[in-house]
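S.K.: Below is the structure, and that's it, no one-letter string:
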């Protein structure tokens, strides 16, 4: 009975989102803070170092942390204003249960009583329908300790195969392709290699808005003579000043990469020595890209042939380079193919594993890297091990003190979990750090699934749109109310420090998880007294795995301003740059720098296919979605922070003047964007900074402002990432402003 | 304490990504918490993503101070032009109208002119201003000229601006491409005298010519 309370206004009045602005101590001039706490931003994968200003046990401001090497004090507006989430009027201070007659649809109850209800429901559902009938959804904004604990909780305590995380919407295409090509899933280089490159190639990454700190690294490279190539359907703020802009048609990236490799081969811009000594599979790939002539590449990608040739020459003749990509190429029903295409281009150039020769995906979420390493993914065990691998199962089972056979087999991905709910296979759900009603595609389908659940418990600090469907809401902790580690975009393990205690009945998430385990009578292995104890077990569990943290200690992290994994022992320096010639890893055992038994990287044929739903006469325009700089993910936090909301109060649909003219849509006019799944009415922003065949809408908003009512749930067959970056829509002028509250569906 | 000698504030609009971090960081500045003194605007969003951040340029001979009838605007010995002194400011708006960069704003609720004071509470004790600390693209930057030259060999700082007959020298420097000439636009240079009284088309061409001349 996981329906949302009927009256949207009622729930908003009680649980928000309300806007927090600086007031009280937060605007006192000459305030003497009690302490400054060095920690990191709670938002994106850059994980900028910053200091939280604490007065009377409330975070009242931010002070740049100039010494932290990655961002040297720099912050984006989210980092500056993040502190306003603390002591927020919407904060959940008590556990709540669904009570349709209560204001807002929820009634506060004692924490212990709420835990009891959750445990009872888990027991009831698993008894009647089997262990896999209860699923867990988690997230990549949690500390690595929490993600480790959640994986262990699902696989060992609940014994369910069905745990997955919101990184399924984010990092998994890059992760899968990196494992296929390199045997390891991590940025190959630290960011200091970016300014040392002659060419910086950026595909499908709105760096300025989604990874603002990386902007300076790219511009440093440009100041020292590097040429910057940006591939994007939109002229993003960084594309404005790049040297070569390739306005690609959404969903066609692998075609461009194949086309570039075709020209590299034609002009012999190849590193034959590297290809022969350090890779396998080049001949197959070379054969495959023969058909990707510049003409065909131009036809498929929608980029002028002249520019494709120019880009190939820049890339082909460079002595050093850094290739970056992000969700623009990964959010695709062939996202893994796109990434493999990019990697083929890098491997053919031989420019990897050296100073100024780099490759990386720009991880999106706060702990996007660490959160995908230690077992909260559907098919994974700690240390980046595989749940399907008998050897890996035995290694982890030994650390956990269980029989390998007690571990479930790989389970469903995040979207498949919702299909499982629709099919009646999954009856119960526990979620944390995931707001699927806003963040998953085709959100009407997701809502109907939530409504079908027999029981749903959410751990949250604010009542997210998804949590509003819960039977029980447990008040969890904000990032600044707990400690632990995260691993940022470069693979650097860093420390999140506690600034204040959780308020009211709210508690550290790892305690809540353990409390459920104990209420179930399955508390063995869940007796950690602190995140540090969890980290110590994680070190042991990751030992010998690809993501080896065994040599990392909290003390080293603080002392060294972060430690790059893999780190095999306490006297190992860590590994800022992967794949250096002569480097050792546990898989190759010295036979080569890549993480395969022969030590060689894999070329893999990258096959082009159009988006799952291509445009047609009925739905003739491509919709692509993404972020804006002042909001983050599903907005659970950032839609509650006044200055961030003021900077971008609502989503708009960006379209080119040529398309606008043909449709009779004026700048600022209410416009319907409609697909086969749903429609949304937004104001138009008519700009010549986007391809005329494409419209863009950011995805951070809920209810009737949510573009995910329109997007498609097509998924990559390997990574299971949804195709957020391309589906077919039609547009028309709306009769007027949409009625009802903004959050209402 | 004073702002360390040789430390300068640099603005490079070509780097600006319009993220708003400077505006929000300015609101955290201790002397005017909750209120931003920095301006950030799109130039022409329909055609470009170009945004421009603007702080007080801290002129050597500040026009705002020169036109102030109450002598409320002071320039410190280390070159920082400060917000109007509250007891003196008569909220006449002279400075708002006169500043060639459009910096001072009237806080009407307080009857006081307020503007960027280079985070004097921070810069006078050796810290960087809030906005230049956080700016993620380096569009706003604070440090020595030598460091700037090392970091940005393809750019150079400009601190002299021409407004009609008025030459303004500023403490804050604007970064321009190292090889781009600085053109001083004088309307009369671009006039073809017999145009007066001609058709609209010719006037349009003249205007187009003016804009071309303004490049760089």
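M.R.: Cool, got the structure. It should be emphasised that the depicted structure is a prediction, and the values quoted were computed from it without experimental measurement.

S.K.: tell me which helix or strand of the chain sits lowest on mean pLDDT?
M.R.: I went with chain A, as the question did not name one. Every helix and strand of chain A was ranked by mean pLDDT, DSSP states H and E. The lowest is helix A:8-15, at a mean of 82.

S.K.: You answered for a different chain; I wanted chain B.
M.R.: Among the helices and strands of chain B, helix B:200-214 carries the lowest confidence by mean pLDDT, DSSP H and E, at a mean of 48.

S.K.: Pass me the low-pLDDT residue ranges in the chain, would you?
M.R.: Reading this off chain A. Low-confidence regions of chain A, defined by pLDDT under 70, span residues A:1-7, A:743-745.

S.K.: wrong one, chain B
M.R.: B:1, B:184-216.

S.K.: try it again with 90
M.R.: For chain B, the stretches flagged by pLDDT under 90 are B:1-6, B:29-35, B:83, B:86, B:105-115, B:162-166, B:179-216.

S.K.: just so I have it, where are all the strands in it?
M.R.: If you assign secondary structure with DSSP state E, the strands in chain B sit at B:7-11, B:39-42, B:51-54, B:105-107, B:112-114, B:140-144, B:155-163, B:166-177.

S.K.: So what are the sheet partners of the second one and their directions?
M.R.: In the sheet, strand B:39-42 lines up against strand B:51-54 (antiparallel) (DSSP bridges).

S.K.: which other residues reach the strand it pairs with?
M.R.: A:237, B:11, B:13, B:16-18, B:22, B:38-43, B:101-103, B:131, B:135, B:139-140 (CB atoms under 8 Å, 6 or more residues apart in numbering or on different chains). In short, each C-beta sits where N, CA and C put it, glycine included.

S.K.: what about 6 Å?
M.R.: Contacts to strand B:51-54, defined as CB atoms under 6 Å, 6 or more residues apart in numbering or on different chains, come from residues B:13, B:16, B:18, B:22, B:39-42, B:139-140.

S.K.: Might you calculate how far it sits from the centre of the chain?
M.R.: Mean-position distance between strand B:51-54 and its chain equals 9 Å (CA atoms, centre = their mean, to the nearest Å).

S.K.: Give me the buried stretch members for it, please.
M.R.: Using 16 or more other CB atoms under 10 Å in any protein chain shown as the burial criterion, the residues of strand B:51-54 that qualify are B:51, B:53-54.

S.K.: which bits of the stretch 51-200 of chain A sit near chain B?
M.R.: Contact residues of the stretch 51-200 of chain A with respect to chain B, defined by CB under 6 Å from any CB of the partner chain, are listed as A:61, A:64, A:73-77, A:80-81.

S.K.: In strands, which of those fall?
M.R.: By the criterion of DSSP E, membership of those in strands covers A:61, A:64.

S.K.: quick one: the helices in the stretch 151-300 of chain A?
M.R.: A:172-182, A:207-210, A:214-223, A:253-266, A:272-278, A:282-289, A:294-301 (DSSP state H, counting those that start in this stretch).

S.K.: Residues in contact with the fifth one: which ones?
M.R.: The contact list for helix A:272-278 (CB under 6 Å, 6+ apart) reads A:282, A:350, A:600.

S.K.: Please compute how far it lies from its chain's middle.
M.R.: Chain-centre distance of helix A:272-278: 34 Å, with CA atoms, centre = their mean.

S.K.: Same question for the fourth one.
M.R.: Computed by CA atoms, centre = their mean, the chain-centroid distance of helix A:253-266 equals 28 Å.

S.K.: That one: which residues count as buried?
M.R.: Going through helix A:253-266 with 16+ other CB under 10 Å, the ones that come out buried are A:253-265.

S.K.: same deal with stretch A:410-420?
M.R.: If you call a residue buried by 16+ other CB under 10 Å, then stretch A:410-420 has these buried ones: A:411-418, A:420.
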